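Show me the folded form of this:
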Amino acid sequence: MDFQLTEDQKMIQETAASFVKKDSPVERMRKLRDTELGYDRAVYAQMGELGWLGLPMPESVGGFGGTMTDAAILLEQFGSTLVPEPYTASVILGGMALVHGASDAQQKELLGPMVEGETSLALAWAERQGRYDASNVETKAEKSGGGYVLRGEKVWVLNGHAADHLIVSARTSGGPRDPGGVSLFAVPKGAGGLTVQTVKTMDGGRAARVLLDGAEGKLLGDEGAAAPALGWVLDKAAAASCAEGLGIANAVLWMTVEYLKTRKQFGLPIGIFQALQHRAVDMFVQVELLKGTSILANARAEESDAEARQRAVSAAKATLTRNGFEVVAQGTQLHGGIGVTDEHDISLYFKRMRVLNALFGDEDAHVRRFMSLPGFEEDAG
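Residues are numbered from 1 along each chain as shown. Below you'll find the predicted structure:
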């Protein structure tokens, strides 16, 4: 497989790198984390003007018909300076749920404004008992007149506090874990029977707890057919988190190398000590491992072959939770006492990496899934 960037992808990378350096340094995120929204709607709209929100969206809704690899290039740069706008939440989760689970007409209605940066989306799929299983759904959807009413609770809904539309998974038939009975519904912001409670996350971002008590929802796609779409969407989101995590790890690596060159003890830079050099080299190797698995995961995330997709995504996500965390932990430790203070940027990278490690499946969840795939025992032998 050729991992070389195309000319268009190089342009995306250069534009995004320039944007994060000039318009979205870490200091911007530091200020926005204390606001009610947690990000800047004007910057989100600017992403729409630049075409970034429509990058992986189909041309039929005004997108560019790009790939997850294209989106990953953006997300790696966003991770390098902790860009707080809800790209993964709105584009990869909410947007891709519509791409894979809604009709063409519904996609045009809901994705068109999002691509332009006029609206944002959120995917409300997680429940308290679910533990990363998108088919473990207790939220109920019942027919009422010509529509549906939803009752239940969703937790840790990324961008749920700000989204113009919630894409909600709910059960229309079957038992608690029956994948055949899960459907998707669009619920507009401010709908009757909808309560959204903002939750602050440890990385300075925002999520939401969503309560549905008779809220009206519009059925997206076919009833009971959402489980495969949700599985595909969450694989794309896991791959996206690996790309963002790669940007974080790479930023921490070079931040730490620079610190080792400039921090002095006994009149000498601490980077001359071989033990610290070895730890920096270990960090570099781990970043390279993250890079390889992230590239493959985002390439495979486009595949309808669930086994090949899951194998690559789970390998990458498990690598992120282990190696990615090790990079930020080593970087923090090598910075000494200042590394654990809120005043130093490395602590912000550490917190964001911890959140990414937990989103869309932690290490245990992805190792178990990888082991359950056909051929694992033969490969292990």
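
Now do the strands in the stretch 101-250 of the chain.
Remark: strands assigned in the stretch 101-250 of the chain by DSSP state E, counting those that start in this stretch are 121-124, 140-144, 147-154, 165-171, 182-188, 194-200, 206-220.

Among these, which comes closest to residue 95?
strand 121-124 (6.1 Å; C-beta to C-beta). All C-beta atoms are positioned from the backbone trio N, CA, C, and that covers glycine.

Not counting that closest one itself, show me its contacts.
86, 89-91, 93-95, 97-98, 110, 114, 154, 157-160, 162-169, 208, 210, 233 (C-beta atoms under 8 Å, 6 or more residues apart in numbering).

With just CA atoms, put whichever helix or strand residue 325 is part of into PDB.
Assigned by DSSP states H and E, residue 325 belongs to helix 325-334. Extracted as PDB, the C-alpha positions of helix 325-334 are listed here (Å, rounded to 0.1, in the frame of the first residue of the first chain):
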ATOM      1  CA  PHE A 325      -0.100   7.400  26.700                       C
ATOM      2  CA  GLU A 326       3.500   6.300  27.300                       C
ATOM      3  CA  VAL A 327       4.800   9.200  25.100                       C
ATOM      4  CA  VAL A 328       2.900  11.900  27.000                       C
ATOM      5  CA  ALA A 329       3.700  10.300  30.400                       C
ATOM      6  CA  GLN A 330       7.400  10.200  29.500                       C
ATOM      7  CA  GLY A 331       7.300  13.700  28.200                       C
ATOM      8  CA  THR A 332       5.600  14.900  31.400                       C
ATOM      9  CA  GLN A 333       8.100  13.200  33.600                       C
ATOM     10  CA  LEU A 334      11.100  14.500  31.700                       C
END
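
Quick check: which helices or strands does that helix pack against?
Under the contact criterion of 3 or more C-beta pairs under 8 Å, 6 or more residues apart in numbering; DSSP states H and E, helix 325-334 touches helix 227-262, helix 274-300, helix 345-358.

Mind putting those helices into JSON lines with mean pLDDT?
What follows is the helices and strands packed on helix 325-334, written out as JSON lines (pLDDT from 0 to 100):
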{"stretch": "helix 227-262", "mean pLDDT": "95"}
{"stretch": "helix 274-300", "mean pLDDT": "93"}
{"stretch": "helix 345-358", "mean pLDDT": "95"}
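
hang on, the earlier thing: now tell me what touches the helix holding residue 325 from outside.
Contact with helix 325-334 is made by 248-249, 252-253, 255-256, 259-260, 276, 279-280, 282-283, 286-287, 290, 339-340, 346-347, 349-350, 353-354, 357, as judged by C-beta under 8 Å, 6+ apart.

quick one, what contacts residue 302?
Shown in contact with residue 302 (C-beta under 8 Å, 6+ apart): 67-68.

do that again at 10 Å, thanks
With contact taken as C-beta atoms under 10 Å, 6 or more residues apart in numbering, residue 302 is in contact with 56, 67-69, 232, 235-236, 239, 309.

same deal with residue 184?
By C-beta under 10 Å, 6+ apart, residue 184 lies in contact with 97-98, 100-102, 106, 123-125, 141, 167-170, 217-223, 225-227, 229-230, 233.

Of the residues you listed, keep whichever come out buried.
Taking 16 or more other C-beta atoms under 10 Å as the criterion, what is buried in the contacts of residue 184 is 97-98, 100-102, 106, 123-125, 141, 167-170, 217-221, 223, 225-227, 229-230, 233.

number of nearby residues for the residue nearest to residue 55 when sequence neighbours are not counted?
Closest residue to residue 55 apart from its sequence neighbours, by C-beta to C-beta, 6 or more residues apart in numbering: residue 66 at 4.5 Å. Residues contacting residue 66 under the criterion other C-beta atoms under 10 Å number 21.

burial count for the nearest residue to residue 361 once chain neighbours are set aside?
In space, and not counting its chain neighbours, residue 361 is closest to residue 132: 4.8 Å by C-beta to C-beta, 6+ apart. A count of nearby residues for residue 132, using other C-beta under 10 Å, gives 18.

what residues are up against residue 132?
Counting by C-beta under 10 Å, 6+ apart, residue 132 touches 126, 234, 238, 358-362, 364-366, 368-369.

Can you pull the phi/psi pair for it?
The phi/psi pair for residue 132 (degrees, to the nearest 10) reads phi 70, psi 0.

Please name the residues that touch residue 46.
Contact partners of residue 46, counting by C-beta under 10 Å, 6+ apart, are 19, 23-24, 40, 52-53, 85, 117.

I'd like the distance from residue 37 to residue 83, if you could.
As defined by C-beta to C-beta, to the nearest Å, residue 37 lies at a distance of 14 Å from residue 83.

Have a look at the two and say which one is more surrounded.
Neighbour totals were compared for residue 37 and residue 83, and residue 83 leads with 27 against 15 (other C-beta under 10 Å).

Spatially, and excluding backbone neighbours, which residue is closest to that one.
residue 24 (5.0 Å).

circling back: ok, now how distant is the residue nearest to residue 361 from residue 152?
Applying C-beta to C-beta, the value for residue 132 to residue 152 is 18 Å.

circling back to that earlier point, buried among the contacts of helix 325-334? Make that a PyMOL selection.
The buried subset of these, as determined by 16+ other C-beta under 10 Å, is captured in PyMOL by this line:
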select buried, resi 248+249+252+253+255+256+259+260+276+279+280+283+286+287+290+339+346+347+349+350+353+354+357
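
burial count for the residue nearest to residue 83?
Counted with other C-beta under 10 Å, residues neighbouring residue 24 total 23.
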